[in-house]
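*Asks:* my questions concern the predicted model and sequence given below.
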Protein chains: 2
Amino acid sequence: MNKKIGIQGIKGSFHHLVAMDYYHKDVEVMEHLSFQELAQKLAAKESDEAVMAIENSIAGSILPNYALIDEYNLSVVGEHYTPVNMNLMALKGQEIADIKKVFSHPMALLQCKQFFKQYPHIKLIEDADTAEAAKRIHNEGLKKVAAVASPAAAEMYDLEILAREIHTIKSNATRFLVLGTEPKKPNGEKLDKASIKFDLKSERGSLVSVLNILRDCYLDMTKIQSLPIIDEPWKYSFFVDVTFERPQDFERAIDVLKLMTEGLRIFGIYKNNLS
Amino acid sequence: MNKKIGIQGIKGSFHHLVAMDYYHKDVEVMEHLSFQELAQKLAAKESDEAVMAIENSIAGSILPNYALIDEYNLSVVGEHYTPVNMNLMALKGQEIADIKKVFSHPMALLQCKQFFKQYPHIKLIEDADTAEAAKRIHNEGLKKVAAVASPAAAEMYDLEILAREIHTIKSNATRFLVLGTEPKKPNGEKLDKASIKFDLKSERGSLVSVLNILRDCYLDMTKIQSLPIIDEPWKYSFFVDVTFERPQDFERAIDVLKLMTEGLRIFGIYKNNLS
């Protein structure tokens, strides 16, 4: 039986492409309307694993998704990077000059900002999902309307691509987390990356002391992001990703962090996929 | 003549409330459909200053807004914190049981997630702006539809509040930047906070070295956020906010950072408004 993989959005979405890419084999995708639903259904074991967008080079991290991982007690078991590939698509037989409105996800529209500057007659409208917009154009036979989505979405919903690769920054990538209900067990492969969270008072140097520990334990930091803690002025949560050569170095750092920080949470230990 | 202040969204939006609060006097607000338009019109001096949401305790920083400050060469001249205050509102004479759809900004819907769990019959739909949804209900006389917005929006668009303060975390606040076209000149008041950006290779310890400098110069860090730089693997931009007692401490740190980092940018030096 094929593994069931939760995705945010519908078939043809970037989450769908990531699921296909990451698992290199037939999996059954479960479409979800929101990240919350994705997390909920995975926790309820209605899916076996799930892929979840977490970060891109324009907006940084989607921090609310860490809150969902926490709330539903999920584990990060992997990561995957997918190049951004945005395309303008509409019902067949139309040209860009015919298009009055373009629907897509806000992040997709942001990534194509420069392209649309040359078409001031087109109104950009934010939508829940890239592929969803393509599907609606197909299902409702909407003319003079286009979507910004993946080439797979154009094929799936029988739309014509009016302009290819219209995103401004050509080598942009989105990072996805692969989630499970249990921590990843090493299975021959090397687990050399971890995502953690901890809380600190912003006393002068408290963060520096923690980062000194990470450095002394030979950990490289690939992400850091602070989030003010509600109700506790000058206290912050820090979301940090680290890579390491030897798992015991990570364990050593964690032992010290348990003493130096509050609310330590290891979201998962997994294989680094950034080449 | 009243000062012209650019806001994102329309009258009754949280940006509007911030403009009223921050300036403590009559200002003329200029409504903008997007952050991009807000930045563009300010750079063109069609407005005198502008307020721009930058951070909240759920999603962290809106990093694309820093890119706009950069692109249009604007300066941060102040900051303002506004409590979140979300309310469910609809045309008069209806009850929550009558409501089928709720429109609002995605962040507003996220802040009220718990409240809506008790009303599974209500469909949540993302909209460009909180006040915009309220205005549309009023203008088009939409029944069975509600908006999530500020009490000011309810008053302005003649809607009835069906439920007050429906946001989950009661003491949540949103942080706004006040923007101008020139760096802030000290005018009797103490400028004790700055927002900066710099780029670093993620070599082990490179960030720690920089943070050690900040600490040695008596700066307190109230925010840090890394953003991967496109096209340059393992190189990151860091967005950092610091507070300080003496401007010369900040200047000293900047002198060192110029040597230790690349692409140093000071977005602005302003008065810390976090009490």
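*Replies:* That came through, no problem.

*Asks:* using the record's assignment, carve chain A into domains.
*Replies:* Listed domain ranges for chain A are A:4-83+A:172-180, A:87-163, A:193-270 (source: automatic domain parsing).

*Asks:* tell me the phi and psi of the nearest residue in space to A:Gly141 that is not next to it in sequence?
*Replies:* Using C-beta to C-beta, 6 or more residues apart in numbering or on different chains and skipping the chain neighbours, the partner closest in space to A:Gly141 is A:Leu91 (6.8 Å). To be clear about C-beta, it is placed using only N, CA and C from the backbone, and glycine gets the same treatment. For A:Leu91, the backbone dihedrals are phi -60, psi 150 (criterion: degrees, to the nearest 10).

*Asks:* burial measure for A:Leu91, as a count.
*Replies:* 18 (other C-beta atoms under 10 Å in any protein chain shown).

*Asks:* so it sits against A:Lys143, correct?
*Replies:* Yes - using C-beta atoms under 8 Å, A:Leu91 is in contact with A:Lys143, at 5.9 Å.

*Asks:* OK, contacts around A:Gln225?
*Replies:* A:60-61, A:63, A:238-240, B:60, B:224-226 (C-beta atoms under 8 Å, 6 or more residues apart in numbering or on different chains).

*Asks:* can you pull up the bridge partners for it?
*Replies:* Per DSSP bridges, the residues bridged to A:Gln225 are A:Phe239, B:Gln225.

*Asks:* so which bits of the stretch 101-250 of chain A are right by chain B?
*Replies:* Within the stretch 101-250 of chain A, the residues that sit near chain B (C-beta under 8 Å from any C-beta of the partner chain) are A:110, A:113, A:126, A:128, A:169, A:171-173, A:202-205, A:207-208, A:211-212, A:214-215, A:218-231, A:233-234, A:236, A:238.

*Asks:* in PyMOL, select just the buried ones from those.
*Replies:* Command for PyMOL, covering only those of these found buried under the criterion 16 or more other C-beta atoms under 10 Å in any protein chain shown:
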select buried, chain A and resi 110+113+126+128+172+173+202+205+207+208+211+214+215+218+219+220+221+222+223+224+225+226+227+228+229+230+236+238
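
*Asks:* got the contact list for A:Glu245?
*Replies:* Neighbours of A:Glu245 in contact, by C-beta under 8 Å, 6+ apart: A:192, A:218.

*Asks:* three-state assignment of it?
*Replies:* Secondary structure state of A:Glu245, per DSSP: H, G, I helix; E, B strand; the rest coil, is coil.

*Asks:* quick check: it vs A:Leu191, distance?
*Replies:* 11 Å (C-beta to C-beta, to the nearest Å).

*Asks:* can I assume A:Glu189 is in contact with A:Lys271?
*Replies:* Yes - between A:Glu189 and A:Lys271 there is a contact at 5.6 Å, judged by C-beta under 8 Å.

*Asks:* what about those two, which has more around it?
*Replies:* Comparing A:Glu189 with A:Lys271 by neighbour count (other C-beta under 10 Å), the higher total belongs to A:Lys271, at 16 against 10.

*Asks:* what's the pLDDT at that one?
*Replies:* Per-residue pLDDT puts A:Lys271 at 96.

*Asks:* which sections of chain A are below the confidence cut-off?
*Replies:* Chain A contains residues with pLDDT under 70 at A:202, A:233, A:275.

*Asks:* tell me the centre residue of it?
*Replies:* Centroid check for chain A by C-alpha atoms, centre = their mean gives A:Ala53 as the closest residue, at 1.3 Å.

*Asks:* can you give me the strands for the stretch 51-200 of chain A?
*Replies:* A:60-61, A:75-83, A:87-90, A:101-104, A:123-126, A:145-149, A:160-163, A:173-180, A:193-201 (DSSP state E, counting those that start in this stretch).

*Asks:* point out the most buried one among these.
*Replies:* strand A:145-149 (a mean of 28; mean count of other C-beta atoms under 10 Å in any protein chain shown).

*Asks:* can you give the contact residues for that strand?
*Replies:* The contact list for strand A:145-149 (C-beta under 8 Å, 6+ apart) reads A:12-13, A:86-90, A:99-105, A:108-109, A:112, A:122, A:127, A:130-131, A:133-134, A:136-137, A:153, A:159, A:162, A:166.

*Asks:* contacts only, for the residue nearest to the centre of chain A.
*Replies:* A:8, A:14-15, A:62, A:65, A:174-176.

*Asks:* over to A:His24?
*Replies:* For A:His24, no contacting residues are found, by C-beta under 8 Å, 6+ apart.

*Asks:* what residue of chain A is the furthest out?
*Replies:* A:Gly93 (34.2 Å).

*Asks:* how about the contacts made by it?
*Replies:* The contact partners of A:Gly93, by C-beta under 8 Å, 6+ apart, come to A:Glu160.

*Asks:* now it: how far from A:Ser150?
*Replies:* Per C-beta to C-beta, A:Gly93 is found 22 Å from A:Ser150.

*Asks:* what do you get for A:Lys193?
*Replies:* A:Lys193 is 27 Å from A:Ser150, by C-beta to C-beta.

*Asks:* ok, A:Asp199 next?
*Replies:* 38 Å.

*Asks:* try A:Leu109
*Replies:* If you go by C-beta to C-beta, the gap between A:Leu109 and A:Ser150 works out to 15 Å.

*Asks:* over to A:Val51?
*Replies:* 14 Å.

*Asks:* those two: who's more crowded?
*Replies:* Neighbour count, other C-beta under 10 Å: between A:Val51 and A:Ser150, A:Val51 has more, with 29 against 23.

*Asks:* that one and A:Ile5 touch, don't they?
*Replies:* Yes - applying C-beta under 8 Å, one finds A:Val51 in contact with A:Ile5, separated by 6.6 Å.

*Asks:* mutual contacts of those two, please.
*Replies:* Joint contacts of A:Val51 and A:Ile5 (C-beta under 8 Å, 6+ apart) are A:Ala19.

*Asks:* what about A:Tyr23, how many neighbours?
*Replies:* Neighbour count for A:Tyr23, taken as other C-beta under 10 Å: 18.

*Asks:* equivalent analysis for A:His105, please.
*Replies:* Per other C-beta under 10 Å, the neighbour tally for A:His105 reads 24.

*Asks:* and what of A:Phe14?
*Replies:* For A:Phe14, the count of nearby residues is 29 (other C-beta under 10 Å).

*Asks:* how close does it sit to chain B?
*Replies:* Plainly put, A:Phe14 is 17 Å away from chain B if you go by C-beta to the nearest C-beta, to the nearest Å.

*Asks:* and that residue, backbone torsions?
*Replies:* According to degrees, to the nearest 10, A:Phe14 has phi -70, psi -30.
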